[in-house]
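Participant: coordinates for the following, if possible.
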Amino acid sequence: MAGSLFPLVYAACLLFLLLQAFKMMRPGKAVMARAMQRNDRTGLVTTHPELLNEQGELTKDDLLVVRFPDQGSLESSTN
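Facilitator: Numbering: from 1, shown residues only. You can find the predicted model right below:
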């Protein structure tokens, strides 16, 4: 008797856990979609403070750039 109920209980548990997994992943899709829009929350262009000089203007200094080619960067680095 217990042997015939095992597949039914197993299938019910599997279905329950699968539905719970999908319910947990659903909010992640909305967060990811908002992150892919790349809109600034202020609606303004934001400049990092490290790029400003004493007068509040963009610095003219050369900047160190690090690129990782295995990350799918389309830009070529020249030295």
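Participant: going forward, measure contacts and count neighbours with C-alpha atoms only.
Facilitator: Fine.
Participant: where does this protein have low pLDDT?
Facilitator: 29-43, 71-79 (pLDDT under 70).
Participant: what about the helices in it?
Facilitator: 2-37 (DSSP state H).
Participant: so residue 8 versus residue 15, what's the distance?
Facilitator: The gap separating residue 8 from residue 15 is 11 Å, by C-alpha to C-alpha, to the nearest Å.
Participant: do the same with residue 64
Facilitator: Residue 64 is 52 Å from residue 15, by C-alpha to C-alpha.
Participant: ok, residue 70 next?
Facilitator: 39 Å.
Participant: with neighbour numbers in mind, choose between those two.
Facilitator: residue 15 (12 against 6; other C-alpha atoms under 10 Å).
Participant: now do that one against residue 21, distance only.
Facilitator: 10 Å.
Participant: ditto for residue 46
Facilitator: 37 Å.
Participant: okay, now residue 22: neighbour count?
Facilitator: 10.
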